[in-house]
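Asks: below: sequence and its predicted model.
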Amino acid sequence: MSTPEPFATPNETRLRDLRAGAAGVLILARVVAVERREITRRSDGGRRPLLSGLLSDGTATVRFTWWDPPRDGIERGTVLRAAGVEVREFRGRPELTFSWKTRVEPASAVELPKVTGEEFPLRQVRELAPPEEGFRLRARVLRVQPKTVTVGEDRRVVHEGLLADRTGSISFSSWSDFQLVAGEAIQVAGGYLRTFRGRQQLVLDDRSVVSRVEATDLPDPAELLRAGPKTIARVEDEGGGETVAVEGIVVGLLPPSGLVYRCPTCRRTVKSGICRVHGQVEGQPDLRARIVLDDGTGALTINAGRAETERLWGVTLAEARGRLREQPDPTILEEQILEALLGRRLRVRGQGTKDDFGVTVQPESIEAVEIDLDAAATELSARIPVGR
């Protein structure tokens, strides 16, 4: 970052106070997301570099574009002070533009404004939608667990989970460990929203403020996680959900199911020893079943992992590999799984996402449901109109 000369007496504008059309603005913020790319100039066909991403100071999160940035770029988490920033409007929200007139210098995290949380308006889950920021949320922690991820060349721990109030639920990811415990009531401020896999997600970092609260108006975790199943048609209309519960009959199996191989680093499936992210790898064997479930109102896909597949199929990974050595044809395993599951009634609970191919559920639990033939026959006969 260039530092041609010290700044004059700072008079920073908080991100929540930005107004479109302002020029020469001085800001202090942390980079929470950044991407480098190039665009083609119409004038001469040359390539022009730019950085784009998100900045946050705890009061708001805004998008930024930095034209002709320094070659060494900028890293996520960097705190910077920028003078001569232009504020434009994009889709009804302010967006920052760094140009050749902008002076940028590194800053310290201690210079960022203190956020107490009480200065933000209180929101409910159903009111949240990206790119909402500058809000407080009171919710119950339904679940939380750490996950190790790769960021560049570093391994970092992110805490993922689910929050809920009486109006709905929302997933969250936190790059800081707030010692959250499932079942407790908390107030969150200073987070921001993003869209992840088609669903909105609350993102927390070390600038977020999390406190424990007494909240008798928040739902009981068991009440939400044990809610009765919805029809698949309704789940499709709602675009999935964080705590989807459905029940239906297994009518098919989608490939690849059965024995698959995964990248040891990112756990993506590999083909011919090639991971689309990490290149040539030695794949680790795993079991999966992509189950098609139908309840008469619609159909969706259940991505069952190894544990669920072993339990439903009754065959372990080791046994499946043994069968494959005897008959080296992976499609035989798919056929055997389908034979074991076809026509069975399952109750599934988990996170549902919707895309162009329909709804897919990442299950937290799968239970086999015994079909009461007498009751089913009675219900069917009740639907058949009596002859006139």
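Replies: All right, it came through fine.
Asks: next, give phi and psi for residue 218.
Replies: phi -90, psi 150 (degrees, to the nearest 10).
Asks: now it: closest residue in space, sequence neighbours ignored.
Replies: Excluding the flanking residues, the one nearest residue 218 by CB to CB, 6 or more residues apart in numbering is residue 140, at 4.4 Å. Any C-beta I mention is one placed from the backbone N, CA and C, and that applies to glycine too.
Asks: hmm, the one you found is touching residue 163, no?
Replies: Yes. Using CB atoms under 8 Å, residue 140 makes contact with residue 163 at a distance of 6.8 Å.
Asks: identify the contacts common to the two.
Replies: Here residue 140 and residue 163 have residue 186 as joint contacts, going by CB atoms under 8 Å, 6 or more residues apart in numbering.
Asks: quick one on the thing from earlier: secondary structure element holding the residue nearest to residue 218?
Replies: strand 136-151 (DSSP states H and E).
Asks: and residue 191, how many neighbours?
Replies: 27 (other CB atoms under 10 Å).
Asks: that one reaches residue 201, doesn't it?
Replies: No. If you go by CB under 8 Å, residue 191 and residue 201 don't touch, sitting 9.8 Å apart.
Asks: quickly list what the most centrally placed residue in the chain is bridged to.
Replies: Residue closest to the average C-alpha location in the chain (CA atoms, centre = their mean): residue 196, at 3.7 Å. Judged by DSSP bridges, the bridge partners of residue 196 are residue 199.
Asks: again, but for residue 80
Replies: Residues in beta-bridge contact with residue 80 (DSSP bridges): residue 29, residue 106.
Asks: next up, the contacts around it.
Replies: Taking CB under 8 Å, 6+ apart as the test, what residue 80 contacts is 1, 28-31, 74, 104-107.
Asks: swap the cut-off to 10 Å and go again
Replies: 1, 27-31, 55, 74, 98, 104-107 (CB atoms under 10 Å, 6 or more residues apart in numbering).
Asks: from residue 122, how far off is residue 346?
Replies: As judged by CB to CB, to the nearest Å, residue 346 and residue 122 stand 40 Å apart.
Asks: quick revisit: more crowded one of residue 140 and residue 163?
Replies: residue 163 (25 against 22).
Asks: what sits closest to that one if chain neighbours are left out?
Replies: residue 139 (3.9 Å).
Asks: cool, residue 244 as well?
Replies: residue 352 (3.7 Å).
Asks: in the stretch 251-388 of the chain, what residue spans correspond to helices?
Replies: 306-313, 317-326, 330-341, 373-383 (DSSP state H, counting those that start in this stretch).
Asks: give me the low-pLDDT residue ranges for this structure?
Replies: Judged by pLDDT under 70, the chain has its weakly predicted residues at 1-10, 114-117, 119, 131-134, 150-153, 197-198, 207, 222-227, 372-377, 379-388.
Asks: now rank the contacts of residue 80 by neighbours and give me the top one.
Replies: Ranking those using other CB under 10 Å puts residue 29 first, with 29 neighbours.
Asks: got the phi/psi numbers for residue 20?
Replies: The phi/psi pair for residue 20 (degrees, to the nearest 10) is phi -60, psi 140.
Asks: quick one: the strands in the stretch 251-388 of the chain?
Replies: 274-275, 279-280, 284-294, 299-304, 345-355, 358-369 (DSSP state E, counting those that start in this stretch).
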